[in-house]
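> using only what follows, build the 3D model:
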Amino acid sequence: MNLKTGDKVIIIAGKNKGNTGKISKILKRENKVIVEGANIIKKHLKPDANNQSGGIVEQEAPIHISNVMLIDPKNNKRTRVGFDYDKKNNKIRIARKSKEKID
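Numbering: from 1, shown residues only. Below is the predicted model:
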């Protein structure tokens, strides 16, 4: 998986196309990510011990990982993620277009 928690991404497909945000959670088994402030849904909750009143809560829903792209830190445009090795032979992530180091 090329993306990590905390990466700034843009949504490239779906009802929230064009929105940007940071990845707050990655669901590896489902190949989905949760982006802060994007794909907001309304969830109906029953009253229980923790939530006495119940009600309708807005929360972020997962988005398939193929529908988001990393934002290049150099020019703030979307880019693919590549891999390279530094001088100490450690694997690092780079933005493909600008060859800028991401981490």
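
> quick one: the residue nearest to Met1 when sequence neighbours are not counted and Gly14, what's the gap?
Spatial nearest neighbour of Met1, excluding adjacent residues (C-beta to C-beta, 6 or more residues apart in numbering): Lys28 at 6.5 Å. (C-beta placed from N, C-alpha, C; glycine too.) Between Lys28 and Gly14 the distance is 20 Å, computed by C-beta to C-beta, to the nearest Å.

> so these two - more neighbours on which side?
A side-by-side neighbour count of Lys28 and Gly14, using other C-beta atoms under 10 Å, places Gly14 first with 13 against 9.

> close enough to count as contact, the residue nearest to Met1 and Thr5?
No: the pair Lys28 / Thr5 is not scored as a contact, 11.3 Å apart, by C-beta atoms under 8 Å.

> need the longest strand for the chain.
strand 20-27 (DSSP state E).

> and that strand, C-alpha only, in PDB?
What follows is strand 20-27, C-alpha atoms only, in PDB (Å, rounded to 0.1, in the frame of the first residue of the first chain):
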ATOM      1  CA  THR A  20      -8.900  17.200  -0.400                       C
ATOM      2  CA  GLY A  21      -8.000  16.100   3.200                       C
ATOM      3  CA  LYS A  22      -5.700  14.000   5.300                       C
ATOM      4  CA  ILE A  23      -6.000  10.300   5.700                       C
ATOM      5  CA  SER A  24      -7.100   9.600   9.300                       C
ATOM      6  CA  LYS A  25      -7.400   5.800   9.000                       C
ATOM      7  CA  ILE A  26      -6.400   3.000   6.600                       C
ATOM      8  CA  LEU A  27      -8.500  -0.200   6.300                       C
END
